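S.K.: Just a sequence and a predicted model for now, questions to come.
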Amino acid sequence: MATTAHYRVVIVGGGAAGISVAARLRRKKITDIAIIEPSDKHYYQALWTLVGGGAAKIDSTVRSEASVIPKDVTWIRDAADGFSPENNTVHTAGGRTIEYDALVVCPGIQLDWDRIPGVTDTLGRNGVSSNYRFDLAPRTWEFIRNTRSGTAVFTMPADPIKCAGAPQKIAYLAADYWRQQGVLKDIDIHLVVPTPRIFGVPVFADALDKVIADYGITLHTKADLESVDPDARKATFRSMDEGGAGFSLPYDVMHVVPHQSGPDWVKSSPLSTGLPTGYVEVDKTTLQHVRYPNVFALGDAGSTPNSKTGAAVRKQAPVAAANVAAQLAGEPFPLGYGGYASCPLTTSRRHMLLAEFDYTLEHTPSFPTALIDATKPRRDMWYLKKYGLPFLYWNLMLKGLA
Ligand SMILES: Cc1cc2nc3c(=O)[nH]c(=O)nc-3n(C[C@H](O)[C@H](O)[C@H](O)COP(=O)(O)OP(=O)(O)OC[C@H]3O[C@@H](n4cnc5c(N)ncnc54)[C@H](O)[C@@H]3O)c2cc1C
């Protein structure tokens, strides 16, 4: 197929990562940049948790893609569907072949709903919802609002997912709402996680154990949702322990988080880590591809072993932009990424604690702990989540300023 276009930098995906990197490259005066992005909408997904908890409006989480594409960057409105890194080209579903000097891959992560039998048949109906989809987050709130008694189940899958805190945050928002309504005592809440504790960093796990006890939530660890029987309204879990016993729970309302992996077309490409995850295989510090030096990846689709969050993207974008610029100029890489990620854990509809950590899984606070101890639920952190972080996202991060 004939090459239809050549750009100095081609970015695949115009989400949090793609737009941030494009903006930063433009600030470095790099020209001739194109973003391949099929969607005409750009989403601030981090607020979907609050939408599901009845604390934000879904409309505030979406803007037109055109409004976030930096000036002087070409938007190719098409979906990438393959890479030929030996030829420095990307292929698209629309039949184009696009050539690059440097490639940045950030098409996000794929939601593998089909891996939990029974879920797709009932999503958005009969009390089952998920904040992981724009159209479903408002349904989550509808189901929570309409529940007055019964059993509520919140699940988390066993593989890496974007925002690993989101599966539990919605449980706390729901429990807080039910407490406010005076019905918490009538609802049997189960939170089921695949990990040995509720969070991987002990200081936050300790704080969250107290939150769970305070709401009277039953925490099940080392278990993964195996299937859903929508007719019987029953969820079946397998044990993560070898030979461990599985169990079933009835539900009246259930929040499900799907398994996630690299997009199928990335999985089968030469850039991939291979099955089962299928991420773009990059060095965890430089974000450069391990086999193709002029290819970089960041965000949820990258293989870096950090917690997949927009907060991680915010720290990766300056590194990716600086190293792409250095690659084009034939200079050494100036920046490295240390694995920073953060998880704003909403523990009620007024409180949040901010889990910040890096590759070492040590607490890496942005604020001096003596002044603002964000390892405990705080009111000011709630305002940061509801107002501060969305402002930061739309006005600073996507413009390459933070
Ligand atoms: C419910 C929920 C809660 C979250 N909470 C938080 C939080 O509190 N804090 C936080 O920091 N993060 C949170 N996140 C995670 C955060 O949204 C992601 O980590 C972040 O958006 C990753 O950025 P990305 O650019 O890699 O992917 P995305 O932002 O998902 O963007 C990927 C882009 O690639 C495009 N694309 C897809 N396929 C193709 C293709 N074939 N060709 C070209 N483009 C393609 C998509 O249309 C999209 O625009 C949350 C996510 C969810 C779902």
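M.R.: All right, it came through fine. Numbering: from 1, shown residues only.

S.K.: quick one: buried residues of stretch 202-218?
M.R.: Of all the residues in stretch 202-218, those buried under the rule 16 or more other CB atoms under 10 Å are 204, 207-208, 211-212, 215, 217. Where you see a C-beta, it was placed from the backbone N, CA and C, and this is true even at glycine.

S.K.: same check, this time on stretch 37-45
M.R.: Counting neighbours by 16+ other CB under 10 Å, stretch 37-45 gives 37-38, 42-45 as buried.

S.K.: how long is it end to end?
M.R.: 17 Å (CA to CA, to the nearest Å).

S.K.: what's in contact with that stretch?
M.R.: 13-16, 18-19, 60-68, 75-79, 93, 134, 162-163, 310, 390, 393-394 (CB atoms under 8 Å, 6 or more residues apart in numbering).

S.K.: sorry, back to before: out of the buried residues of stretch 37-45, what pair is the most spread apart?
M.R.: 38 and 44 (18.4 Å; CB to CB).

S.K.: who in the stretch 1-150 of the chain is up against the ligand?
M.R.: By CB under 6 Å from any ligand atom, the residues of the stretch 1-150 of the chain that approach the ligand are 12-18, 36-39, 45-46, 48-49, 79-80, 106-108, 131-132.

S.K.: from these, which ones fall inside helices?
M.R.: Members of these lying in helices (criterion: DSSP state H): 16-18, 48-49.

S.K.: Name the pair among the residues you listed with the greatest separation in space.
M.R.: Top of the distance list for these (CB to CB): 18 and 49, 22.4 Å.

S.K.: Not counting sequence-adjacent ones, nearest residue to the residue in the stretch 151-300 of the chain positioned nearest to the ligand?
M.R.: Closest residue of the stretch 151-300 of the chain to the ligand, CB to the nearest ligand atom: residue 299 (2.2 Å). Nearest residue to residue 299, sequence neighbours excluded (CB to CB, 6 or more residues apart in numbering): residue 17, at 3.2 Å.

S.K.: Residue numbers of the stretch 251-400 of the chain in contact with the ligand?
M.R.: 263, 299-301, 308-311, 313, 344.

S.K.: Residue nearest the middle of this protein, spatially speaking?
M.R.: With distances taken as CA atoms, centre = their mean, the residue of the chain nearest its centroid is residue 162 (2.8 Å).

S.K.: Give the closest residue to that residue in space, chain neighbours not counted.
M.R.: Per CB to CB, 6+ apart, closest to residue 162 is residue 308, 4.4 Å.

S.K.: tally of neighbours for that neighbour?
M.R.: Using other CB atoms under 10 Å, residue 308 has 23 other residues around it.

S.K.: likewise residue 220?
M.R.: The local packing of residue 220 (other CB under 10 Å) involves 17 other residues.

S.K.: Also residue 56?
M.R.: 20.

S.K.: quick one on the thing from earlier: in helices only, show me the buried residues of stretch 202-218.
M.R.: The helices, defined by DSSP H, take in 204, 207-208, 211-212, 215 from the buried residues of stretch 202-218.

S.K.: and those residues as CSV, adding pLDDT and distance to the ligand?
M.R.: Below are those laid out as CSV (pLDDT from 0 to 100; distance: CB to the nearest ligand atom, whole Å):
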residue, pLDDT, distance to the ligand
204, 93, 14
207, 94, 17
208, 97, 15
211, 97, 16
212, 98, 19
215, 98, 20
